[in-house]
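Engineer: please work out how this folds:
(one chain, ligands or ions: 1)
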Amino acid sequence: MATFGIDLGTTYSCVAHIDDTGRPAIIKNRPGDDTTPSVVYFESPDNVVVGKEAKAVAKIQPDLVVSLIKRQMGKSFEITVHGQAHSPESISALILRELADAAGENLGEEVRDVVITVPAYFGVAERNATRKAGEIAGLNVLSIVDEPVAAALHYDAISAGGTKTIFVYDLGGGTFDTTVIKVSPEEIQVVCTDGDHHLGGADWDDRLAEYLLEQFLAEHPGTEAADDEEFLQSLAAGAEDIKKQLSRMQSRRFNARFGGDTSQIEVTREKFEELTAELVERTATITRRTLRTAADRGITEFDDVLLVGGSSRMPAVTAVLEGLGLKPRMHDPDLAVAKGAARYALIESIKVHLPEEGGEAPAEVVEEVAEQLNIPVEKVRALAGKRVATVVPRAFGVKVVNREGGREHYTIEHVLRANTPLPAETEPQRFGTAYPNQIEISVEIWEQSGSVESEALEDNEHIAEGLISGLPPLPENSPIDISFQMAADGLLRVHAVELKTRQDLHIEVQIRGGLSDEQVHAARTAVARYNVSA
Ligand code: AMP
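Structural biologist: Okay, here's the model as predicted:
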């Protein structure tokens, strides 16, 4: 019953398991690296290459390479390569397959039971899509876990016991999030979370690549370098390399060559930080917001500030956090999430055997797991008893009509707020009918889509609806009560009652636009047909 944790990152992914010393360990990929670029190259209609090689051809054959697919998860997005249509789920499935196959080969053991991590602010649709990607890859997805929760689980494993409050600053390749978590021997509890899913290391690379291009063009005006895919690819790769080196060094040189023209472009850390200051500042704004939310919940001190995600290695990150009075600590920033996910996978695999009504894991299960994994029985029991409590990742509300100066417009009134502890149940909130003689009431459920709560329609996404009909003509502003309920697994239910007739409506939110079971099945067959390699 080996179980695995997979960090399915925007730019890099990583697999871990619990090794036979009972510790989480990374499983290397085929080229022997800890992490694999989350890049897919459709080399031919039958062959797919995932990882380093794929990343190397990204700018040369952009039509055949897909990167940053995580940013599309949960959206209705389609991409056609070699005449075959792909969804974000099926592309992610190709990455997962390569990760699982390579890890399995490396260990000499099939990779089947997995936990996959997602950013904490991922909404219901994105989580669903991630789970389906796992299914399409032929994996058994035990659970989906928040990246900061996984990081906290790893932290818990390596730090001395007791109850700790930690701040997780996670700056990856394509996404950023901040999470406040309480860790105790019994429980991992998310206090609040925030983030921006369009901010990550790739943005730092872009700024630097632009600068390299500008410098090259300034030295060689009149060249067509800016239109040459291969040249741009070399700048993009060079920018990422230089960025990483500038985390350790003060200055680097880049040799750019196009046609017969060459330039040696010097980049100092200072210049790099100046080019990207606005990006770091965006993380600071979100960090401040998270600190305020945590303070509203009575938390103003942190035992540790964990840096997660490869991009948190940039010295500017530490500097900006210190400026906010935090004392960041780096520990395994690229690998902590996968390692924590491996621990979570173990917890989940034990929980499968727990009695429904709660209570302790049966001794024989604990002993069997302990023996298989070569871990002390007490350690397995402690893990099995660990609860993970999370929060509502984003606000949910209903669409309402507003009238101002005789003009009508729609806004979203949020009922279930972000960061409410799960499971959550709101008090009924009072709404009113919009028009005189209304005989039916349409209830539309919307989910916050931007990183801050906003009542504007465009900052929210319509996720479900229902209708109360057959009402006697009601006067305008007749009362309707609406309450929201979200289960620990994120399932959302809405209850609306028209108070005069007491007619009511229950909506169980089935996410729109996700793949149907048939589509998952078809994608699974399509993905299985590919020959996937590194
Ligand atoms: P992750 O999604 O956590 O794997 O983050 C990967 C991102 O971290 C990529 O954008 C990398 O370029 C970036 N990264 C990795 N190592 C470093 C480093 N030493 N300095 C700056 N950025 C890094």
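
Engineer: can the helix or strand encompassing residue 168 be said to contact the ligand?
Structural biologist: Element membership of residue 168, judged by DSSP states H and E, is strand 164-171. No - applying CB under 6 Å from any ligand atom, one finds strand 164-171 separated from the ligand by no less than 7.6 Å. No exception for glycine: its C-beta is placed from N, CA and C like everyone else's.

Engineer: beyond that strand, next helix or strand please.
Structural biologist: Downstream of strand 164-171, the next assigned helix or strand under DSSP H and E is strand 176-183.

Engineer: and that following strand, how far from the chain's centre?
Structural biologist: With CA atoms, centre = their mean, to the nearest Å as the basis, strand 176-183 stands 13 Å off its chain's centre.

Engineer: kindly report the same for stretch 318-334.
Structural biologist: Stretch 318-334 sits 21 Å away from the centroid of its parent chain (CA atoms, centre = their mean).

Engineer: quick check: mean pLDDT across that stretch?
Structural biologist: The pLDDT scores in stretch 318-334 average 93.

Engineer: can that stretch be found next to the ligand?
Structural biologist: Yes - applying CB under 6 Å from any ligand atom, one finds stretch 318-334 touching the ligand at residue 334.

Engineer: ok, and the closest non-adjacent residue to residue 290?
Structural biologist: residue 178 (4.2 Å; CB to CB, 6 or more residues apart in numbering).

Engineer: now do that neighbour, the pLDDT please.
Structural biologist: pLDDT, residue 178: 95.

Engineer: tell me which residues touch it, please.
Structural biologist: Applying CB atoms under 8 Å, 6 or more residues apart in numbering to residue 178 gives the contacts 167-170, 193-195, 283, 286-287, 290.

Engineer: quick one, what contacts the residue in the stretch 51-200 of the chain positioned nearest to the ligand?
Structural biologist: When scored by CB to the nearest ligand atom, the stretch 51-200 of the chain has residue 172 as its residue closest to the ligand, at 3.0 Å. Counting by CB under 8 Å, 6+ apart, residue 172 touches 9-12, 200-201, 308-311.

Engineer: by neighbour count, which of those wins?
Structural biologist: When neighbours are counted by other CB atoms under 10 Å, residue 311 leads the contacts of residue 172 with 32 neighbours.

Engineer: just checking, that one touches residue 203?
Structural biologist: No - contact between residue 311 and residue 203 fails when scored by CB atoms under 8 Å: they sit 9.2 Å apart.

Engineer: end-to-end on stretch 436-444?
Structural biologist: Using CA to CA, to the nearest Å, one end of stretch 436-444 lies 20 Å from the other.

Engineer: got the buried residues for that stretch?
Structural biologist: Under the neighbour-count criterion of 16 or more other CB atoms under 10 Å, stretch 436-444 has 438, 441, 443-444 buried.

Engineer: just stretch 495-514 next, same as before
Structural biologist: In terms of neighbour count (16+ other CB under 10 Å), stretch 495-514 has its buried residues at 495-498, 505, 507, 509, 511, 514.

Engineer: any idea which of these the model trusts least?
Structural biologist: Lowest pLDDT of the buried residues of stretch 495-514: residue 511, 59.

Engineer: who does the strand holding residue 168 pair up with?
Structural biologist: If you go by DSSP bridges, strand 164-171 pairs up with strand 176-183 (antiparallel), strand 304-308 (parallel).

Engineer: distance to the ligand for the ones you listed - can I get that in JSON lines?
Structural biologist: What follows is the strands paired with strand 164-171, written out as JSON lines (distance: least, CB to the nearest ligand atom, whole Å):
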{"stretch": "strand 176-183", "distance to the ligand": "10"}
{"stretch": "strand 304-308", "distance to the ligand": "7"}
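
Engineer: list the contacts of the residue of the stretch 251-400 of the chain found nearest the ligand.
Structural biologist: Residue nearest to the ligand within the stretch 251-400 of the chain (CB to the nearest ligand atom): residue 310, separated by 2.4 Å. Neighbour list for residue 310: 11-12, 172-173, 201, 333-334 [criterion: CB under 8 Å, 6+ apart].

Engineer: next up, phi/psi of it, please.
Structural biologist: The phi/psi pair for residue 310 (degrees, to the nearest 10) reads phi -60, psi -30.

Engineer: from residue 7, how far off is it?
Structural biologist: Separation of residue 310 from residue 7 (CB to CB, to the nearest Å): 11 Å.

Engineer: buried residues in stretch 39-59?
Structural biologist: 39-43, 48-59.

Engineer: and residue 251, how many neighbours?
Structural biologist: Residues near residue 251, counting by other CB under 10 Å, number 14.

Engineer: surely it and residue 267 touch.
Structural biologist: Yes - with contact defined as CB under 8 Å, residue 251 reaches residue 267; the gap is 6.9 Å.

Engineer: still on that earlier bit, quick check: the farthest pair among the contacts of residue 178?
Structural biologist: Using CB to CB, the two most remote members of the contacts of residue 178 are 193 and 283, lying 14.2 Å apart.

Engineer: same for the helix or strand hosting residue 244, what does it pack against?
Structural biologist: If you go by DSSP H and E, residue 244 is part of helix 229-246. The contact analysis (3 or more CB pairs under 8 Å, 6 or more residues apart in numbering; DSSP states H and E) places helix 229-246 against helix 201-219, strand 251-258, helix 269-275.

Engineer: could you rerun that using 6 Å?
Structural biologist: Secondary-structure packing of helix 229-246 (3 or more CB pairs under 6 Å, 6 or more residues apart in numbering; DSSP states H and E): helix 201-219, strand 251-258.

Engineer: got the angle for the longest one vs strand 164-171?
Structural biologist: Using axes from the mean of the first three to the mean of the last three CA atoms, to 10 degrees, the direction of helix 201-219 lies 30 degrees away from that of strand 164-171.

Engineer: near the ligand, which residues of this structure?
Structural biologist: Selection of the chain residues close to the ligand by CB under 6 Å from any ligand atom yields 9-12, 35, 172-173, 201-202, 240, 243-244, 247, 309-311, 313-314, 334.

Engineer: rerun at 5 Å
Structural biologist: Proximity of the chain to the ligand, by CB under 5 Å from any ligand atom, involves residues 9, 11-12, 172-173, 201, 240, 244, 247, 309-311, 313-314.

Engineer: OK, contacts around whichever residue of the stretch 151-300 of the chain sits closest to the ligand?
Structural biologist: When scored by CB to the nearest ligand atom, the stretch 151-300 of the chain has residue 201 as its residue closest to the ligand, at 2.1 Å. By CB atoms under 6 Å, 6 or more residues apart in numbering, residue 201 lies in contact with 173, 311.

Engineer: per-residue confidence for it?
Structural biologist: So, for residue 201, pLDDT stands at 96.

Engineer: use 49 as the first number for this chain going forward.
Structural biologist: Taking 49 as the first residue, the last one we looked at is residue 249.

Engineer: what's the distance between it and residue 166?
Structural biologist: Residue 249 is 18 Å from residue 166, where distance means CB to CB.
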